[in-house]
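Chemist: Structure of the sequence below:
(one chain, ligands or ions: 1)
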Amino acid sequence: MPRAIISPSVLASDFGQLTAECKRMIKGGAEWLHMDVMDGHFVPNITMGAPVLSCVYKGVPGIFMDCHMMVAQPENWVNDIADAGGSLYCFHIEATTDAVSLINAIHGRNMKAGVAISPDTPSSAITDEIGAAADMLLVMTVYPGRGGQKFLERCVPKVAELRARFPEKDIEVDGGVGPKTIDICAEAGSNVIVAGTAIFGAPSPEDVIASLKATITTAQTKFSK
Ligand SMILES: O=C(CO)[C@@H](O)[C@H](O)COP(=O)(O)O
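Modeler: Numbers count the residues shown, from 1 in each chain. Model (predicted):
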């Protein structure tokens with residue numbers, strides 16, 4: 001049964017704050033930290049790259065960095081992210097023509113490999129071969145590019161389709177996920193939850209983390225029956 005994992009989407013205005021937020025999230029019960037790497041090409045925004053992730057890793061040794069690569073040509077950054085301490089390298093299927101080779105390259109650098117699909121990409125884009133090779137499948141529930149957007153419920157059936165095809169894989173949802181939208185994500189079979197606004201905008205982030213995790217754990221028990 002895939003375990004419930006909460007991966008807060010951490011963005012901050014300076015490096016000290018970024019490191020402090022990572023520590024606070026881990027203390028609050030988060031297993032992973034979701035690092036949004038945006039390149040200004042695949043998405044209009046630019047956020048951070050390997051040098052910043054490397055500093056975070058040095059500041060919070062052993063941290064599990066769930067690196068969401070919203071980048072064109074994701075093949076180009078595997079070595080840099082691995083050297084920076086990345087634990088999971090999740091690329092967009094829309095940005096590559098040879099997902100299986102890329103997954104093999106990611107595994108070659110001892111990182112887990114994730115494959116993301118944007119809202120307009122069907123779950124069938126993740127072929128049986130790609131899904132079997134990947135460690136994690138990410139269903140975006142907003143258009144990639146920035147936090148604080150409205151959850152797109154129409155993307156949820158893709159989670160259920162992927163859970164039916166890949167019962168043992170980690171399936172992550174990202175975008176507008178929080179206490180109001182967690183139930184349908186959990187019931188569809190997602191076990192890895194990315195949340196930014198819902199966690200960082202809450203008076204008690206640790207309570208939100210605990211509540212999201214409890215909902216996923218309960219739902220996953222039903223899947224294992
Ligand atoms: O990568 C993205 C959006 O591009 C997400 O990781 C968001 O940054 C999550 O933030 P919320 O939607 O939870 O505010």
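Chemist: Need the residues that contact stretch 158-168.
Modeler: 2, 117, 122-123, 126, 128, 131-132, 137, 139, 169, 171, 173, 185, 188-190, 223 (C-beta atoms under 8 Å, 6 or more residues apart in numbering). The C-beta positions use only the backbone N, C-alpha and C, and glycine is treated the same way.
Chemist: Mind checking which of those residues land in strands?
Modeler: Counting by DSSP state E, those place 117, 137, 139, 171, 173 in strands.
Chemist: The contacts of stretch 158-168, buried ones only, as a PyMOL selection?
Modeler: Entered in PyMOL, the line below selects the buried ones among these, by 16 or more other C-beta atoms under 10 Å:
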select buried, resi 2+117+123+126+131+137+139+169+171+173+185+188+189+190
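Chemist: Check the secondary structure at Gln149 for me.
Modeler: The three-state assignment at Gln149 reads coil, by DSSP: H, G, I helix; E, B strand; the rest coil.
Chemist: Ala219 too?
Modeler: With three-state DSSP as the criterion, Ala219 reads helix.
Chemist: Which per-residue confidence value corresponds to it?
Modeler: pLDDT for Ala219: 95.
Chemist: Give me the nearest residue to it, chain neighbours excluded.
Modeler: Of all residues not flanking Ala219 in the chain, Ala186 sits nearest, at 3.7 Å (C-beta to C-beta, 6 or more residues apart in numbering).
Chemist: OK, contacts around the residue in the chain that the ligand sits nearest to?
Modeler: Closest approach between the chain and the ligand, counting by C-beta to the nearest ligand atom: Gly196, at 2.8 Å. Going by C-beta under 8 Å, 6+ apart, Gly196 touches 8-11, 34, 147-148.
Chemist: cool, Glu94 as well?
Modeler: 42, 117-118, 121, 125.
Chemist: for Glu21, same thing?
Modeler: 8, 10, 12, 200.
Chemist: now swap in Gly148 and tell me
Modeler: Contacts of Gly148 (C-beta under 8 Å, 6+ apart): 196-197.
Chemist: now Glu94: how far from Arg163?
Modeler: 21 Å (C-beta to C-beta, to the nearest Å).
Chemist: err, Lys27, not the other one
Modeler: From Lys27 to Arg163 the distance is 31 Å (C-beta to C-beta).
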